[in-house]
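Undergrad: my questions concern the predicted model and sequence given below.
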Amino acid sequence: MATSPPTPHYKSPERRKFAILLTTSLVCSLIMLDANVVAVSLPAIARSLGASFTDIEWVVSAYVLPFAALLLAAGSLADRHGRKRTMLAGLAIFAFASGLCGLAHSALILNLARALQGVGASLLLTSALAVINHAFAGQERAQAYAFWGACLGIAITSGPIIGGAITSFFGWRWTFLVNLPFCAVLFVASFILVEESRDHETKNLDIAGILTLSSGLFLLIWALIDGNSAGWTTPAILWRFAAAAGLLGAFVVAELRQTRPMVDLALFAQPTFLGSAFAMVGYAGGAQVMIFYMPMYLQNAYGFEPAKAGLAMIPFALPMFLTPRLGSRLAKSYSGRALLTAGLMTTLLGNLLLYGIAHAGMTYPVFVVGMLVAGVGAGLLNSETAKVMQGAVPAQRAGMASGLAATTRFVGLLLGVAALGSVLAQVVSSQFVSAAVALGLQPQFAVQAAKRVASGDLAGVMADVPSRLQTQVHAAGWAAFAGGFAAASLVAAAVAALTGLLTFLLVRSTDTAPGTDVNDSGALVAMME
């Protein structure tokens, strides 16, 4: 494959740079869009494929898990073998996997294809960031990442809306198949526009670190996701936890022995860096995770169709998109420590409101209040978490810092999806089975129906319920899902409270004072904005 075709003529270098920036920003936006667009489609997928709650959790987790686990490795690969080549390979893998997702006729095939999508996404994100870093310098680089961050912000917040519209009008399969033409256009644009670049000082890949970290994370999340359905004390779950602990321990040992490790573990001895890592986990596991469960609640509790549920997410999405601009103004007067703590406390308040509203069974207009507050907290944390983490790392390791910021965020998101999903499924099952048996349904049928209710397939359950009981069973299903969502919101609030306390105690005001410069070479403070 030729990696440096003739460059098309542009009237000015600035136009060519903008074309590169637009292409790489759209590549990254496609990744974020695909992570969120599926959220509103989960109930439709469950009904179409007869999937359990655990199965549809994996629709999210199977994508994010390899993405998070391979980010640091993908960055090393791009530096060594070429950023352009890696981005083109990532687009090809992502497109192929998207086609498999759209054609899948079982939950297993869908989730395997989603995992392959995650592999492609990890290659795309790291290589695209490296291309931007190579093409821009100084103040231009900061402006480039501001544009890049705005594109990602639009993709993240519009995901549920776009997913709802596609699912309602074309079917859930098109949420994946629509990627194919976009990947084709971006592949051609990347091939023509992007120049090849490498880090000629890069060392060999940290194979031991890659294998132990990726395998350890996979087993940990696998145990968390399957623990509720299989039983937390069953041998299958216990050995996964044990093996994950052993592999992650081996990763620490491997990194300590490296002369230039993939992850500099000494950073975690720095209070500000450690505190920013907790803040990132709090953002992902206490705020961003709600993007996946709110659409399910809107469809199950209020009976919204996917398109309407997507639009109903605007009160959460809009402040999440707009608040970072307020945060950039506040950063001129307040320290990063103050802003991170304020963001996590606002997230705590928003989740407590969502808990109270869902627990009391209040109407959608009241639910909007909780979404607005939660969205403001998420938006404030969105860029500030990466900014503080990036600023705590030496300039020469800014690339590693970007990988750590993204990895920490997505591991936190995975843990949040697994933990909140487990709580939601447990509460839904307990409440629905009790109510259904009291109404006269057979216990065995009630247990199986509860799994479908937890996955969002309440309508499918009604088809198997005697007509004389449908009204009461439907009400029981609604109440059970509301109770499960309320419990999940309470757990998210606890995550925000704990990480907010740790952030306040660890992050130093002097390290994050207003006007403190972030490393220029690591101007990725828009990371995942």
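TA: Sure thing, it's come through.

Undergrad: going forward, measure contacts and count neighbours with C-alpha atoms only.
TA: Fine.

Undergrad: isn't Pro306 up against Phe170?
TA: No. Using Cα atoms under 8 Å, Pro306 and Phe170 do not qualify as a contacting pair, with a distance of 11.3 Å.

Undergrad: more neighbours: which of the two?
TA: Counting neighbours by other Cα atoms under 10 Å for Pro306 and for Phe170 shows that Pro306 has the greater number, 30 against 11.

Undergrad: which residues does that one contact?
TA: By Cα atoms under 8 Å, 6 or more residues apart in numbering, Pro306 lies in contact with 40-41, 163-165, 167-168, 299.

Undergrad: how about Ile132?
TA: Applying Cα under 8 Å, 6+ apart, the residues near Ile132 are 20-21, 24, 141, 144.

Undergrad: give me the phi and psi angles of it.
TA: Dihedral pair for Ile132: phi -60, psi -40, per degrees, to the nearest 10.

Undergrad: distance between the longest helix seen in the chain and the chain's centre?
TA: Longest helix in the chain, counting residues (DSSP state H): helix 398-439. Distance of helix 398-439 from its chain centroid, counting by Cα atoms, centre = their mean, to the nearest Å, is 12 Å.

Undergrad: right, and the helix or strand after it?
TA: helix 443-454 (DSSP states H and E).

Undergrad: packing partners for that next one?
TA: Counting contacts by 3 or more Cα pairs under 8 Å, 6 or more residues apart in numbering; DSSP states H and E, helix 443-454 packs against helix 53-81, helix 398-439, helix 458-462, helix 470-506.

Undergrad: buried set for it?
TA: 446-447, 449-454 (16 or more other Cα atoms under 10 Å).

Undergrad: nearest to Val376, of those?
TA: Distance to Val376 across the buried residues of helix 443-454 (Cα to Cα) is lowest for Ala454, with 28.0 Å.

Undergrad: correct me, but the closest one touches Val428?
TA: Yes. Look at Ala454 against Val428 with Cα under 8 Å: they come within range, at 6.0 Å.

Undergrad: separation between the residue of the chain most remote from its centre and Leu439?
TA: Going by Cα atoms, centre = their mean, the residue of the chain most distant from its centre is Arg468, 42.5 Å out. Arg468 sits at a distance of 11 Å from Leu439 (criterion: Cα to Cα, to the nearest Å).

Undergrad: again, but for Val388
TA: Val388 is 54 Å from Leu439, by Cα to Cα.

Undergrad: let's see stretch 500-517 as PDB, backbone CA atoms only.
TA: Output in PDB follows, covering the C-alpha atoms of stretch 500-517 (Å, rounded to 0.1, in the frame of the first residue of the first chain):
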ATOM      1  CA  GLY A 500     -15.200  13.700  44.800                       C
ATOM      2  CA  LEU A 501     -13.800  13.300  48.300                       C
ATOM      3  CA  LEU A 502     -10.600  11.600  47.100                       C
ATOM      4  CA  THR A 503     -10.200  14.300  44.400                       C
ATOM      5  CA  PHE A 504     -10.500  17.100  47.000                       C
ATOM      6  CA  LEU A 505      -8.000  15.400  49.400                       C
ATOM      7  CA  LEU A 506      -5.400  14.500  46.700                       C
ATOM      8  CA  VAL A 507      -5.400  17.200  44.000                       C
ATOM      9  CA  ARG A 508      -3.300  20.100  45.100                       C
ATOM     10  CA  SER A 509      -4.500  23.700  44.500                       C
ATOM     11  CA  THR A 510      -1.000  24.900  43.800                       C
ATOM     12  CA  ASP A 511      -0.500  22.300  41.000                       C
ATOM     13  CA  THR A 512      -3.800  23.400  39.400                       C
ATOM     14  CA  ALA A 513      -3.900  27.100  40.100                       C
ATOM     15  CA  PRO A 514      -5.600  29.400  37.600                       C
ATOM     16  CA  GLY A 515      -3.300  30.100  34.700                       C
ATOM     17  CA  THR A 516      -1.200  27.000  35.200                       C
ATOM     18  CA  ASP A 517       0.200  26.000  31.800                       C
END
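
Undergrad: which parts of it are buried?
TA: Within stretch 500-517, the residues scored as buried using 16+ other Cα under 10 Å are 500-504, 506-508, 511-513.

Undergrad: got those residues as a markdown table, with distance to Tyr364 and pLDDT columns?
TA: Formatted as a markdown table, these follow (distance: Cα to Cα, whole Å; pLDDT from 0 to 100):
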| residue | distance to Tyr364 | pLDDT |
| --- | --- | --- |
| Gly500 | 29 | 95 |
| Leu501 | 31 | 96 |
| Leu502 | 34 | 95 |
| Thr503 | 33 | 94 |
| Phe504 | 34 | 94 |
| Leu506 | 38 | 93 |
| Val507 | 38 | 90 |
| Arg508 | 40 | 88 |
| Asp511 | 42 | 81 |
| Thr512 | 39 | 80 |
| Ala513 | 40 | 79 |
